[in-house]
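In: sequence-free structure coming up:
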């Protein structure tokens, strides 16, 4: 029945696209059947210092959730296939998660907008070089890193390769867990 504190209300900021999502999948991997529950933290794509001061940045969200992240098995580095600039931002995002990785963490370089064939700017050579750069960055930050990496392109619009993505994710979780034991 009381009016909320206006200072408190004024300090609350929205978080754009911050989500926790869960998906349970059954996969046949290496001759074994696995039921894997994937938990996704999807932080915003806003960089610290970007103009929208009403939303939390990627860095702020990571700082908030870092104490609750016990183990990061897989990182999806997502970029838009139709934007070379989006692809070149991967270096920025990889630096932001580097200290969250463990020696068995895997990563997947995930291109979106596969359905936009004629507008695609990112080449196979860009992807190969990007994979090498990301792996080298992780090895530099964690010399004992033994995780794996892959790349995949998907279309959320048509669903192309989404089942393959779930297979990659489940396989990466199982592999990372086996490597970490």
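Out: Now that the structure is in, tell me what you want to look at. As the structure is a prediction and not an experimental result, all values here were calculated from the model.
In: local confidence estimate at the residue nearest the centre of the chain?
Out: Centroid-nearest residue in the chain, with Cα atoms, centre = their mean: residue 76, separated by 3.0 Å. Per-residue pLDDT puts residue 76 at 89.
In: start the count at 665, not 1, going forward
Out: I'll keep to 665 as the first residue from here, and by that count the last item is residue 740.
In: gap between it and residue 818?
Out: The gap separating residue 740 from residue 818 is 10 Å, by Cβ to Cβ, to the nearest Å. All C-beta spots, glycine's among them, are computed from the backbone N, C-alpha and C.
In: shared neighbours of these two, anything?
Out: Both residue 740 and residue 818 are contacted by residue 774, under the criterion Cβ atoms under 8 Å, 6 or more residues apart in numbering.
In: neighbours around residue 805, how many?
Out: By other Cβ atoms under 10 Å, the residues close to residue 805 number 13.
In: still on that earlier bit, helix, strand or coil: sort out the residue nearest to the centre of the chain for me.
Out: Secondary structure state of residue 740, per DSSP: H, G, I helix; E, B strand; the rest coil, is strand.
In: and the helix or strand residue 843 falls within, what does it pack onto?
Out: Assessed by DSSP states H and E, residue 843 sits inside helix 826-844. Helices and strands touching helix 826-844, by 3 or more Cβ pairs under 8 Å, 6 or more residues apart in numbering; DSSP states H and E, are strand 683-693, strand 696-706, strand 738-744, strand 770-776, strand 813-817.
In: to residue 756, which of those strands lies closest?
Out: strand 738-744 (10.5 Å; Cβ to Cβ).
In: wait, residue 751 touches residue 789, no?
Out: No - the criterion here is Cβ atoms under 8 Å, and residue 751 misses it with residue 789 at 11.5 Å.
In: I am finished for the moment; much appreciated.
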